[in-house]
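J.: A structural model of the following input is requested.
(one chain, ligands or ions: 1)
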Amino acid sequence: MSDVLELVDVSVVREGRALVEDVSWSVKEGERWVILGPNGAGKTTLLNIASSYLYPTTGHATILGERMGAVDVFELRPRIGMAGLALAEKLPRNQTVLETVLTAAYGMTAHWRESYEAVDEERALAFLDRLGMNDYLNRKFGTLSEGERKRTLIARAMMADPELLLLDEPAAGLDLGGREDLVRRLGRLARDPYAPSMVMVTHHVEEIPPGFTHVLMIRQGRVLAAGPMETELTARNLSLCFGLPLVVEQTGSRWSAQGLPLS
Ligand SMILES: Nc1ncnc2c1ncn2[C@@H]1O[C@H](COP(=O)(O)OP(=O)(O)OP(=O)(O)O)[C@@H](O)[C@H]1O
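T.: Purely as a prediction, here's the structure:
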């Protein structure tokens, strides 16, 4: 299995402060990683490096076999699918859901007189169907609820046929039904052997979809644990990561955690 992502001693320094520090981490082809950590830990910073939008201040990052600094990022970026809030803000609010997904096939955010191929439209419809967005094809992106917007963004990220799929807090802000619906859909994607390698940032172990294989825990910019879910997603690691005593349970292919009561 080859490396999809490899960070070696990566630090990012801003205003004299390390946002992430000495991070060494590798993601192999086919793996599905979750990045867990408290607010401000550096999760989005890692995702921004993985998406080639942020250069390490020190250390090396290799993405899809291409060393950052020695590759044209404009050739690399179409190979990476990213679904996150930052992108949602760049997408035109008055574009339809179908157009929002279709424009990704052309590496664009907005519809601009390009004529779409029938095959692209079929693919966009198939991704939207898989994410339960069939009834929203002609709705304006800006009128969608948070859950609908997130599902549209994932369909959009898949449209470019990425080799690496990055998901930044896909379940944040969703109600229980919305979260469970998304987790099931991501679980189905994670188990698809043809789906790309995946990295998903979350704050909650309850949001880890079945089929995700590895976890990286980060606290104050430093990696606290990284490896297979079964060995690393422990009460000890989770307690250290979030800074209070926690117990963690696995029920079937899902996880849950709770704090121990105050004495
Ligand atoms: N350009 C910047 N300049 C200075 N500090 C920054 C910059 N970007 C991010 N930070 C800080 O770096 C730290 C890590 O930010 P990051 O967004 O990676 O955390 P996170 O783990 O994703 O947090 P959250 O869970 O709250 O989204 C935070 O303390 C943030 O305020």
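J.: Does anything pack onto the strand or helix carrying Gly177? Which helices or strands?
T.: Per DSSP states H and E, Gly177 falls inside helix 176-190. Under the contact definition 3 or more CB pairs under 8 Å, 6 or more residues apart in numbering; DSSP states H and E, helix 176-190 sits against helix 118-130, helix 146-159, strand 197-202. All C-beta spots, glycine's among them, are computed from the backbone N, C-alpha and C.
J.: any idea how far the ligand is from the nearest residue to Gly69 once chain neighbours are set aside?
T.: Excluding its sequence neighbours, the residue lying closest to Gly69 (CB to CB, 6 or more residues apart in numbering) is Tyr55, at 6.9 Å. Separation of Tyr55 from the ligand (CB to the nearest ligand atom, to the nearest Å): 13 Å.
J.: which bits of the chain sit near the ligand?
T.: The chain has residues Arg14, Glu15, Leu19, Gly37, Asn39, Gly40, Ala41, Gly42, Lys43, Thr44, Thr45 near the ligand, with proximity defined as CB under 6 Å from any ligand atom.
J.: Of these, which pair is most distant in space?
T.: Farthest pair in the residues of the chain next to the ligand (CB to CB) is Glu15 and Gly37. Separation: 20.7 Å.
J.: the more surrounded of the two?
T.: More neighbours surround Gly37 than the other of Glu15 and Gly37, with 23 against 5 (other CB atoms under 10 Å).
J.: my read: that one touches Ile218, true?
T.: Yes: contact status for Gly37 versus Ile218: in contact at 4.1 Å, counting by CB atoms under 8 Å.
J.: From one end of stretch 130-150 to the other, what's the distance?
T.: End-to-end distance for stretch 130-150, by CA to CA, to the nearest Å: 13 Å.
J.: Which positions in that stretch come out as buried?
T.: Arg130, Leu131, Gly132, Met133, Tyr136, Arg139, Phe141, Leu144, Gly147, Glu148, Arg149, Lys150 (16 or more other CB atoms under 10 Å).
J.: Could you dump those residues into CSV with pLDDT and distance to Met159 added?
T.: What follows is these, written out as CSV (pLDDT from 0 to 100; distance: CB to CB, whole Å):
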residue, pLDDT, distance to Met159
Arg130, 89, 12
Leu131, 89, 11
Gly132, 90, 16
Met133, 94, 12
Tyr136, 96, 16
Arg139, 97, 17
Phe141, 95, 14
Leu144, 94, 17
Gly147, 86, 19
Glu148, 91, 17
Arg149, 91, 15
Lys150, 89, 15
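J.: Just give me the residue closest to the centre of the chain.
T.: Closest to where the C-alpha atoms of the chain average out (CA atoms, centre = their mean) is Leu167, at 1.6 Å.
J.: Wasn't Leu102 part of a helix?
T.: Yes: looking at Leu102 with DSSP: H, G, I helix; E, B strand; the rest coil, it is inside a helix.
J.: Now do the same for it: its pLDDT.
T.: pLDDT recorded at Leu102 is 90.
J.: And for Glu114?
T.: On pLDDT, Glu114 comes in at 60.
J.: again with Pro38
T.: Listed pLDDT for Pro38 reads 95.
J.: Surely it is within a helix?
T.: No: counting by three-state DSSP, Pro38 is not part of a helix but coil.
J.: I'd like the numbering to begin with 16 instead of 1 from here.
T.: With 16 as the first residue, the last one maps to Pro53.
J.: Distance of it relative to Leu102?
T.: Separation of Pro53 from Leu102 (CB to CB, to the nearest Å): 24 Å.
J.: pretty sure Ala187 is touching His218, no?
T.: Yes: counting by CB under 8 Å, Ala187 touches His218, with 7.2 Å between them.
J.: Pull out the buried positions in stretch 162-181.
T.: In stretch 162-181, counting by 16+ other CB under 10 Å, buried: 162-175, 177-181.
J.: Repeat that for stretch 87-98.
T.: Leu91, Arg92, Arg94, Ile95, Gly96, Met97, Ala98.
J.: Let me see the mean pLDDT of that stretch.
T.: 89.
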